[in-house]
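S.K.: sequence first, then the predicted structure, then my questions.
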Amino acid sequence: MSENGLFQIIPGSPALSVVVLVVAAVVLLYMARRYAHLLILTFARSVHGAMRLAARAVQKASKDLKHRNKEVLLSAGAEHVERQIEREFERIGSVVTRDLQPYPALHRSIADLITVVDEDYRKSTETPPAPPEWLDAVRAVSSIPSKDESLVGRMLGEIKNALDTHQKDSIKEYRKQSARRHLMLKRLMPSWRKVSQTLDRMEKTVTGVLDRAEFVDRKVKEYKDILAGTQKAQRMLASSSLTQFFISGIVLLIAIGGAIVNFNLIALPMSEMVGGSSYLGPFQMSQVAALVIILVETVMGVYLMEALRITQLFPIIGMMDDRKRMRFLWAAFTILVIMAGIESALAFMRDVIVADKQALIQSLAGAEGSVIPETMNWIPTVGQMVMGFILPFALAFVAIPFESFVHSSRTMLGVLAIGLMNFLGFLLRLVGNVTMGLAKVLLAAYDLVAFPLLWVERIAGGRVRRKKPPEVEEEHPSEVTK
């Protein structure tokens, strides 16, 4: 028997054996067609149903997360607006206390100034007394021409001279009174200026209060929209949260760069304090100690911002009694100053260590080092010491962008989770639909293999239906249907 003897049903006829095997396979597939279809459809429907259920569960979870994200967004926005309104009311209260509280005394002062100004003004507007009525008669008599040297002529001349003298005296007295009135008016200028300045200051104060009141009105309207959960408020809060997320992220990256510079500034001299040969796992103990110092400075900065009530990462610090809070503030500030002084000293030590290493390398190499002026040698040392003292205080302000990043990241993570869930639901529905499509393709392929017998069955079934009498079809409709 040859190697293919096991597959040759008819010895000596490989082709005929193949035909017989194919026919047998088609017959077997035709006989198992119903159960094979049932198996394929059951598996496909099971997978499709499971994927649909999973997609519905993911969609429901996405809706719940979206609702929760909306609540978190509105809650954070309402809290932020509440803080803004509270601070504006505090500012308005301080302005009213500082500028408007002494208003009654100011009002009395202005009233007294106006009274003084009014009296001085009335005094300055007094007209000189009218001349006596006999002056007209004397003027008429004195204007009579006298050509002789008689007694009447001399008398008339004396009258005319007396009249001229009286007129000159009246003019002099009028000018004196006018000068006195002008002096009174001149004395009114400081009072007028004081009243004008006081009124201008009051106008600025009242205008500032009105502007703050308008700002509070806008914030109250925004607060009402947030509580109502309007679409406008949600879009505004989402846009603000996205902006705060990216801005605070950029600031945190800058702060991380400053922390890296600070780490490299104190890592080398820390090896002289904790030992350069000590290791904590794969890391040198000096590097771990430098990192701990930077983290402690950052924590002290966070505590300092919390005690100043600039941030609210730890509400219990802000709710402390003012006396305890101030003690906590000064304790954190003192520790921060001490750490900054330690870093400045370490920066100075680093410069000394680097100089000693450079001198040692040059002495071992047998080369003469270049002489650097003493003034130029102190420039990098002073720069490193200043950086070592300033960087801890710069890291103290990281709490502000960190708080903004934490609050905005809740919204951003919720949006990303919603997007991932929607994509996962789409994939699950896609897998279910693809499974049903593959099941249909398998059914069609299965029928394609067994199509000869199916074709014969269809032809035979058609002939039986044509030959069967109508009475039988009416008596046995179920069989015809089958």
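M.R.: Noted; the coordinates are in hand.

S.K.: correct me, but residue 208 touches residue 95?
M.R.: Yes: the pair formed by residue 208 and residue 95 meets the contact definition of C-beta atoms under 8 Å, at 6.3 Å. Using the backbone N, CA and C atoms, a C-beta is placed for each residue, glycine as well.

S.K.: next, the spatially closest residue to residue 229 that is not a sequence neighbour: secondary structure please.
M.R.: Nearest residue to residue 229 in three dimensions, chain neighbours excluded: residue 74, at 5.9 Å (C-beta to C-beta, 6 or more residues apart in numbering). On the three-state scheme (DSSP: H, G, I helix; E, B strand; the rest coil), residue 74 is labelled helix.

S.K.: now for residue 74: which residues touch it?
M.R.: Under the criterion of C-beta atoms under 8 Å, 6 or more residues apart in numbering, the neighbours of residue 74 are 226-227, 229, 233-234, 237.

S.K.: highest neighbour count among these?
M.R.: Most neighbours among the contacts of residue 74, by other C-beta atoms under 10 Å: residue 226, with 24 neighbours.

S.K.: can you pull the contacts of that one?
M.R.: Residue 226 is in contact with 74, 77-78, 81, 233, 237, counting by C-beta under 8 Å, 6+ apart.

S.K.: per-residue pLDDT, it?
M.R.: What the model reports as pLDDT for residue 226 is 77.

S.K.: what helix or strand is it on?
M.R.: Remark: residue 226 resides in helix 151-228, with elements defined by DSSP states H and E.

S.K.: same list (the contacts of residue 74) but as a markdown table, adding distance to residue 174.
M.R.: Compiled in a markdown table, the contacts of residue 74 are given as follows (distance: C-beta to C-beta, whole Å):
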| residue | distance to residue 174 |
| --- | --- |
| 226 | 76 |
| 227 | 76 |
| 229 | 82 |
| 233 | 76 |
| 234 | 81 |
| 237 | 78 |
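
S.K.: now, among those, which is nearest to residue 432?
M.R.: Within the contacts of residue 74, the smallest distance to residue 432 is 32.7 Å, found for residue 234 (C-beta to C-beta).

S.K.: would you mind measuring from the closest one to residue 55?
M.R.: Summarising the geometry, the distance separating residue 234 from residue 55, computed by C-beta to C-beta, to the nearest Å, is 26 Å.

S.K.: likewise residue 348?
M.R.: Using C-beta to C-beta, one obtains 65 Å as the distance from residue 348 to residue 55.

S.K.: could you do residue 392 as well?
M.R.: Taken as C-beta to C-beta, the spacing of residue 392 relative to residue 55 amounts to 53 Å.

S.K.: which one's more surrounded, those two?
M.R.: For residue 392 versus residue 55, neighbours defined as other C-beta under 10 Å are more numerous around residue 392 (25 against 19).

S.K.: list the contacts of that one.
M.R.: The neighbours of residue 392, taking C-beta under 8 Å, 6+ apart as the test, are 262, 297, 301, 336, 339-340, 343.

S.K.: what sits closest to residue 452 if chain neighbours are left out?
M.R.: Of all residues beyond its chain neighbours, the one nearest residue 452 is residue 26 (6.2 Å), with distances taken as C-beta to C-beta, 6+ apart.

S.K.: what about that neighbour, how many residues nearby?
M.R.: For residue 26, which is what you asked about, the neighbour count (other C-beta under 10 Å) is 16.

S.K.: and if you look at the one 4 residues further on?
M.R.: Residue 30: 20 surrounding residues under other C-beta under 10 Å.

S.K.: before we move on, what about residue 450?
M.R.: Under the neighbour criterion other C-beta under 10 Å, residue 450 is assigned a count of 20.

S.K.: what residues are up against it?
M.R.: With C-beta under 8 Å, 6+ apart, residue 450 has these contacts: 26, 29-30, 33.

S.K.: just the pLDDT for it.
M.R.: The predicted local confidence for residue 450 is 77.

S.K.: and it, backbone torsions?
M.R.: Per-residue torsions, residue 450: phi -100, psi 20 (degrees, to the nearest 10).

S.K.: gap between it and residue 111?
M.R.: As judged by C-beta to C-beta, residue 450 and residue 111 stand 114 Å apart.

S.K.: can you list the contacts of residue 226 in JSON lines and add secondary structure?
M.R.: Compiled in JSON lines, the contacts of residue 226 are given as follows (three-state DSSP):
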{"residue": "74", "secondary structure": "helix"}
{"residue": "77", "secondary structure": "helix"}
{"residue": "78", "secondary structure": "helix"}
{"residue": "81", "secondary structure": "helix"}
{"residue": "233", "secondary structure": "helix"}
{"residue": "237", "secondary structure": "helix"}
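
S.K.: need the helices for the stretch 251-400 of the chain, in chain order.
M.R.: Counting by DSSP state H, counting those that start in this stretch, the stretch 251-400 of the chain has helices at residues 285-307, 315-318, 322-365, 374-396, 399-449.

S.K.: how about the CA coordinates for the second one, as PDB?
M.R.: In other words, helix 315-318. The C-alpha trace of helix 315-318 is given here as PDB (Å, rounded to 0.1, in the frame of the first residue of the first chain):
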ATOM      1  CA  PRO A 315      -9.600  73.300  55.100                       C
ATOM      2  CA  ILE A 316      -8.800  72.400  58.700                       C
ATOM      3  CA  ILE A 317      -5.900  74.900  58.600                       C
ATOM      4  CA  GLY A 318      -8.100  77.700  57.400                       C
END
